[in-house]
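1. sequence and predicted structure below; questions after.
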Amino acid sequence: MDIDTIKNFTIKDYHKVYKNKEVSPIEITQFFLDRIHLLDSSLRAFLTIDETGALQRARELEEKKLGEADLPPLYGIPMAIKDNICIQGLPTTCGSRILSNYRSPFDATVIEKIKKAGGIFLGKTNMDEFAMGSSTENSGFGPTRNPFDPSRVPGGSSGGSAASVAALEAPLALGSDTGGSVRQPAAFCGIVGLRPTYGRVSRYGLISFASSLDQIGTLTRNVQDTLTLFTVISGQDNRDSTCAPYPPFSFSDDLPENEIKKMKVGVAKEYFNPGVDPVITQRIQEILKILTNEGFEIIEVSLPHTDYALEAYYIVAPAEASSNLARYDGIAYGYRCSHPLNLQDLYTRTRTTGFGKETLRRIILGTYCLSSGYYDEFYLKGMQVRTLVKKDFEDCFEKCDILLTPVTPHLPFKFGEKSHDPYQMYLADVFTIPSAMAGIPALSLNCGYHQHLPIGLQVLGAPFQEGKILSFATFLEKTLSVPPPVIKSVNLKKEVL
Amino acid sequence: MGRLSDTISLSEIKKVVALAKLSIPDIDLEHFFIEINNILSHFDKLNHLELKEVSPTSHISWSQPPTNPDESREWMGREELFSQAPAIIDQYFIVPKVVDKQEE
């Protein structure tokens, strides 16, 4: 097996070569471990590489000697997991120094499900600390590079997962999306990223950032693999009371093309403002023309509160984060400062030295928004705007089946370009935040390149309408035929080291 | 420090930092003060919306949250939980003395 063969593989292709005994799960696992050894000293997508565990798991799967018809859906498929999702026995740092010595004592529900489905874990991937960021520059362990251009960011916060899949260090990965943390890095790395409906996938074992927004999502090289992985990880879980009481996603039959073409495609003018890079707007206009020629009905819709969603998010998310991160106190687990003078000193010095700057900023902001006298001024207002943003989408999906928007206002930016101004960095998620606030599903698809940098297209749907999104994305992927990323090496120039 | 347009004053930010159990040196606090005021200045946009009749959405819920049966369950042993602690003795967490001299 070589990269030119594997670059276009779907899970079904891996299963075909396994069934034909052309290659074994151990060999495929070794192939990806070799890719990690080749690229990751420059790319830095992984925080933990579990070589022994991955090969051991591949060996166990081979020893089971399953019949051709019995292969579970992720049999022998190696995966990368974002470092805020717990795998028993492995570190879970959340990209934070405060959890640098933490090892998960249990599996997240999604990990249990993937294990049952025959998946193999290559390791844990880099991220902005506690998923707060859009570039991985906020990781306590140094940033990940963009595989297309190592002087640029891979996006974030699931930047490690996205870069690993783009560079084919792993064929698929899990990330988490609070305000765009799966979709934005997927767009920056030229792959497919799905944020499912809030509550469609259990959050048990996902370390909390903002609980009313956090959702585990998938990062893959093609839509078919998104579908397979999403089917495995979705479904009710009695260990997460916010998990919707519905059975796992099922997509047994591909929709016929004529059914897909009956979908009404919405385009919201608020997502095509002058602040968007003209290259992105132009590419989406080209795609709308292609869709019109294919017979799709394109409808202009309006989401009037889009412009307020970012501000509301930066009240609600830090407010929830300030509460969730109160648990890091240096007592029961994680980092503790040296020689504390008293209990107060233990708490404050542990937290102040253990958290990075962006996390501290959001804790302060969130604490302020929740503090006495400011709750109504900020937090209540944030929640009211959330109601309006949600209503916008409800009205919109009465008129259309799916909505097309850019994922990001800009192409992947350079390291340091936005990190000096937190608000500029926050704007990177301006098109992914509204749907996260509304809890609706959204997918990021690579729709082309500009000067070797990928352009992302966002496909949004009504709650639990992932089927429509995935059918449409499958059609578009086939129609556009954008080649998947092929990274032969990650060459670092001196200035980016 | 402190400008007319500041939403949060330096003394307020010091109070908030203490509430959040943080201790940030003055030199760093000035940076946070400027950055947080910059972020808060953008929130002013929300004052242009008429929100009196709008109910708040604290979380997205598609159905009544299910409840678990009221039964005790085995989860994991004490040893496994204590293995993560930075300082323990005989299955107790070690913390600095919490009673100061005046209270003794």
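-> Right, received. Where do you want to start? Residues are numbered from 1 along each chain as shown, chains lettered A, B, ... in the order given.

2. now the helices for chain B?
-> B:10-19, B:26-43, B:78-82 (DSSP state H).

3. lowest mean pLDDT across those helices, which one is that?
-> Note on those: helix B:78-82 shows the lowest mean pLDDT, a mean of 83.

4. wait, does that one make contact with chain A?
-> Yes: Helix B:78-82 reaches chain A (Cβ under 8 Å from any Cβ of the partner chain) through B:Glu80, B:Leu81. To be clear about C-beta, it is placed using only N, CA and C from the backbone, and glycine gets the same treatment.

5. report the buried residues of that helix.
-> Neighbour counts over helix B:78-82 (16 or more other Cβ atoms under 10 Å in any protein chain shown) mark no residue as buried.

6. just how off-centre is that helix within its chain?
-> 26 Å (Cα atoms, centre = their mean, to the nearest Å).

7. quick one: the helices in the stretch 151-300 of chain A?
-> In the stretch 151-300 of chain A, the segments counted as helices under DSSP state H, counting those that start in this stretch are A:159-166, A:183-188, A:223-233, A:257-260, A:278-293.

8. mind putting the ones you listed into TSV with mean neighbour count, mean pLDDT and distance to A:Lys399?
-> As requested, those are exported to TSV (neighbours: other Cβ atoms under 10 Å in any protein chain shown; pLDDT from 0 to 100; distance: least, Cβ to Cβ, whole Å):
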stretch	mean neighbour count	mean pLDDT	distance to A:Lys399
helix A:159-166	36	98	32
helix A:183-188	35	98	23
helix A:223-233	24	97	25
helix A:257-260	13	90	18
helix A:278-293	16	98	16
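
9. relative to A:Val267, which of the ones you listed is closest?
-> helix A:278-293 (6.6 Å; Cβ to Cβ).

10. report the contact partners of A:Arg361.
-> Shown in contact with A:Arg361 (Cβ atoms under 8 Å, 6 or more residues apart in numbering or on different chains): A:Pro422, B:Phe32, B:Glu35, B:Ile36.

11. what's the helix or strand for it?
-> A:Arg361 is part of helix A:357-370 when elements are defined by DSSP states H and E.

12. got the buried residues for that helix?
-> A:358-370.

13. please apply the same query to stretch A:28-38.
-> Quick answer for stretch A:28-38 (16+ other Cβ under 10 Å): A:Ile28, A:Thr29, A:Gln30, A:Phe31, A:Phe32, A:Leu33, A:Arg35, A:Ile36.

14. relative to chain B, how far out is the closest residue to the fourth one other than its chain neighbours?
-> Same thing as A:Phe31. Here the nearest residue to A:Phe31 in space, its sequence neighbours aside, is A:Met1; by Cβ to Cβ, 6 or more residues apart in numbering or on different chains that works out to 5.7 Å. A:Met1 sits at a distance of 39 Å from chain B (criterion: Cβ to the nearest Cβ, to the nearest Å).

15. likewise A:Ser41?
-> Relative to chain B, A:Ser41 is positioned 30 Å away (Cβ to the nearest Cβ).

16. stretch A:172-179 and chain B in contact?
-> No: using Cβ under 8 Å from any Cβ, we find that stretch A:172-179 stays clear of chain B, coming within 12.8 Å at best.

17. which stretch of helix or strand covers A:Tyr449?
-> Per DSSP H and E, the secondary structure element for A:Tyr449 is strand A:442-450.

18. quick one, the helix or strand just after that strand and helix A:278-293 angle?
-> Next in sequence after strand A:442-450, counting helices and strands by DSSP H and E, comes strand A:453-461. Angle, strand A:453-461 to helix A:278-293, by axes from the mean of the first three to the mean of the last three Cα atoms, to 10 degrees: 50 degrees.

19. beyond strand A:453-461, next helix or strand please.
-> Remark: after strand A:453-461, the chain's next helix or strand is helix A:466-480, criterion DSSP H and E.

20. could you list the buried residues of that following helix?
-> By neighbour count on 16+ other Cβ under 10 Å, the buried set for helix A:466-480 is A:Glu466, A:Lys468, A:Ile469, A:Leu470, A:Ser471, A:Phe472, A:Ala473, A:Thr474, A:Phe475, A:Leu476, A:Glu477, A:Leu480.

21. number of residues surrounding residue 20?
-> All of this is about chain A. 9 (other Cβ atoms under 10 Å in any protein chain shown).

22. nope, chain B
-> Neighbours around B:Ala20, by other Cβ under 10 Å: 24.

23. now do the one 3 residues further on
-> The local packing of B:Ser23 (other Cβ under 10 Å) involves 16 other residues.

24. would you agree it is in contact with A:Arg349?
-> Yes: with contact defined as Cβ atoms under 8 Å, B:Ser23 and A:Arg349 form a contacting pair (6.4 Å).

25. and the contacts of A:Arg361, which two are furthest apart?
-> Greatest spatial distance among the contacts of A:Arg361 (Cβ to Cβ): A:Pro422 and B:Phe32, at 10.1 Å.

26. tell me the helices and strands packed up against the host helix or strand of A:Gln56.
-> Applying DSSP H and E as the criterion places A:Gln56 in helix A:51-63. Applying 3 or more Cβ pairs under 8 Å, 6 or more residues apart in numbering or on different chains; DSSP states H and E, one finds that helix A:51-63 makes contact with helix A:25-43, strand A:119-125.

27. partners of the helix or strand that the first one is followed by in the sheet?
-> By that I understand helix A:25-43. Next helix or strand after helix A:25-43 toward the C-terminus (DSSP H and E): strand A:46-49. The sheet places strand A:46-49 alongside strand A:119-125 (antiparallel), with pairing taken from DSSP bridges.

28. just how off-centre is the partner strand within its chain?
-> That offset, for strand A:119-125, works out to 15 Å (Cα atoms, centre = their mean).

29. do stretch A:441-456 as well
-> 14 Å.

30. list the buried residues for it?
-> A:Pro441, A:Ala442, A:Leu443, A:Ser444, A:Leu445, A:Asn446, A:Cys447, A:Gly448, A:Tyr449, A:Pro454, A:Ile455, A:Gly456.
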